[in-house]
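J.: pasting a predicted model and its sequence here:
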2 protein chains.
Amino acid sequence: MENQNISDIIESYLKQILAESQQVEIRRAEIADQFNVVPSQINYVIKTRFTIQDGYVVQSKRGGGGYIRIEKVKLLDNLDFIDSLVTAVGNHITRHDGLAVVRSLFEAGAVNRREVNIILAAIDKDAINTGDRDLDQQIRARVLISILNHLRYES
Amino acid sequence: MENQNISDIIESYLKQILAESQQVEIRRAEIADQFNVVPSQINYVIKTRFTIQDGYVVQSKRGGGGYIRIEKVKLLDNLDFIDSLVTAVGNHITRHDGLAVVRSLFEAGAVNRREVNIILAAIDKDAINTGDRDLDQQIRARVLISILNHLRYES
DNA sequence: ATAATATTAGTCAACATTAGTCAAGAAAGC
DNA sequence: GCTTTCTTGACTAATGTTGACTAATATTAT
C-alpha cells in the first residue's frame, strides 16, 4: 500500500475506471501531468500492465486531438493453447513450422478453413520474401504471433 | 470523444450526409466558414478520409459556381473489385491505407469481422516492423496482395 | 472574339500538437 | 553485488492546422 511506485498508482487509477466503463480514453500529456511524471512513463505503464495477455487492447492516435484508448476485452478460454503456440513460434519460424502452427489452430477449432487460408496467404513465401531468409523467418514469426494474439479475444 | 479534432468533426458531418444521400456537393469556402477553418483544411479532410480506398470518388470544379462533390462508390462484389484493390495496394502501402483497403473488403462483404481482425493483425505495426519503413511498406503490400489473391478463389 | 477581372478550388511547405521509441541512470529486489 | 524494474528525457514519428501562392473556370468589358 504505502510502497507503491508511481507506475502502480497510475495502473490502479486506469483500472479503476476500467472496472466501470469497458474503455478509457486519455490524453497522454494530461495523465502524465496529473501524476507528475514524464509522458513516456504512461507508455511504460501501458506496455507493462495493459497487454493483450492481461485482456487489454490499446489504440492511439497522434497529432491534434490525439489520444490513447485502452479497451478491456473478453478473453477466450483458449489462452493456454495460444500461449503454447506463441512460445512455439518464438522469434523465428520457417514456413514449414508455420504451417504446423496453423494446422494446430485449425485442429483445435480456433479457426475455420477460410481463416486458415487467409493466415497461410499472409505467411506465404510470395508474401514474405525480402531475400534475406533469416529476416523472413523473423517477420513470419511476428505476423503469426500478431494473429495469434488477436485470436485470444472476441471482437 | 470529448476532444475530437476539427478534421474528424468535418468528416463526421460529411459522412452523416452521405449516409442518406449517396453524394454530397459542397462549396469549399462555405464549409470552411461553417466550421471556422481555412479552406485548404477541407482539402486535407478529403484527402485523408475520402479516398478511393475508403470507397469515395471526389470531383470538383473551380471558378464561379465551383463545387466539391463526394460520391460514395458502390463496391462491385466481383473479381474486378479485388483487382482494383490489388492495384490500389501496389508495391508499397502504409498502415493507414492498408486499413482502408481492409475496410473496403469488409464493406463489400468479401470478408467478415473476424477475418478483418486476422488480416489487420497480419499487417499490424507490431507484426511488420523491420526498422526500415520502406521495407515494411513493401512487405505489407505483399502480404495484403497475397491475401487478396487468395480471396479470389475462396469467395 | 478577346482580354481583363472575379470567383472559385488545389498545392505545398511551415508550423503546431499530439504520441512512440530508446537508452541511460536510479531504485528496488534478491 | 547482481538483476530486474522503474524513471527520465532527448529524439522521432504521425497527424492536424494554417496561409501564401497557384490554377482553373466563369463573368464582364471592350
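T.: Noted; the coordinates are in hand.

J.: which outside residues touch the helix or strand where residue A:45 lies?
T.: For residue A:45, the element it lies in under DSSP states H and E is helix A:39-49. Here helix A:39-49 makes contact (C-beta atoms under 8 Å, 6 or more residues apart in numbering or on different chains) with A:6-7, A:10-11, A:14, A:26, A:28-29, A:31-32, A:58, A:68, A:70. Any C-beta I mention is one placed from the backbone N, CA and C, and that applies to glycine too.

J.: just checking, which of the residues you listed belong to strands?
T.: By the criterion of DSSP state E, membership of the contacts of helix A:39-49 in strands covers A:26, A:58, A:68, A:70.

J.: ok, now which ones touch the last one?
T.: With contacts defined as C-beta under 8 Å, 6+ apart, the neighbours of residue A:70 are A:14, A:18, A:23, A:24, A:25, A:26, A:46, A:50, A:56, A:57, A:58.

J.: how about those in JSON lines, adding distance to residue B:110, pLDDT and neighbour count?
T.: As requested, the contacts of residue A:70 are exported to JSON lines (distance: C-beta to C-beta, whole Å; pLDDT from 0 to 100; neighbours: other C-beta atoms under 10 Å in any protein chain shown):
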{"residue": "A:14", "distance to residue B:110": "37", "pLDDT": "98", "neighbour count": "21"}
{"residue": "A:18", "distance to residue B:110": "34", "pLDDT": "97", "neighbour count": "17"}
{"residue": "A:23", "distance to residue B:110": "29", "pLDDT": "96", "neighbour count": "14"}
{"residue": "A:24", "distance to residue B:110": "33", "pLDDT": "98", "neighbour count": "21"}
{"residue": "A:25", "distance to residue B:110": "31", "pLDDT": "97", "neighbour count": "16"}
{"residue": "A:26", "distance to residue B:110": "35", "pLDDT": "98", "neighbour count": "19"}
{"residue": "A:46", "distance to residue B:110": "34", "pLDDT": "98", "neighbour count": "20"}
{"residue": "A:50", "distance to residue B:110": "33", "pLDDT": "98", "neighbour count": "22"}
{"residue": "A:56", "distance to residue B:110": "30", "pLDDT": "97", "neighbour count": "21"}
{"residue": "A:57", "distance to residue B:110": "24", "pLDDT": "96", "neighbour count": "18"}
{"residue": "A:58", "distance to residue B:110": "28", "pLDDT": "97", "neighbour count": "14"}
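
J.: what's the farthest-apart pair in these?
T.: Taking C-beta to C-beta, the two most distant members of these are A:26 and A:57; they sit 14.6 Å apart.

J.: identify the single longest helix in chain A, thanks.
T.: Of all segments of type helix in chain A, defined using DSSP state H, the longest is helix A:133-150.

J.: what residue in chain A comes nearest to DNA strand D?
T.: Nearest residue of chain A to DNA strand D, counting by C-beta to the nearest atom of the strand: residue A:63, 2.6 Å away.

J.: residue A:26: what's its closest spatial neighbour, skipping adjacent residues?
T.: residue A:68 (5.3 Å; C-beta to C-beta, 6 or more residues apart in numbering or on different chains).

J.: and chain A, which of its residues are near chain B?
T.: A:25, A:27, A:63-65, A:67, A:111, A:114-115, A:117-122, A:124, A:126-130, A:135, A:139, A:142-143, A:145-147, A:149-151, A:155 (C-beta under 8 Å from any C-beta of the partner chain).

J.: of all residues in chain A, which one is closest to chain B?
T.: Closest to chain B within chain A is residue A:65: 3.1 Å, counting by C-beta to the nearest C-beta.

J.: who are the neighbours in contact with the residue nearest to residue A:57 when sequence neighbours are not counted?
T.: Nearest in space to residue A:57, with sequence neighbours left out and distances taken as C-beta to C-beta, 6+ apart, is residue A:71 at 4.8 Å. Listed by C-beta under 8 Å, 6+ apart, the contact partners of residue A:71 are A:22, A:23, A:56, A:57, A:58, A:59.

J.: sweet, I'm off.
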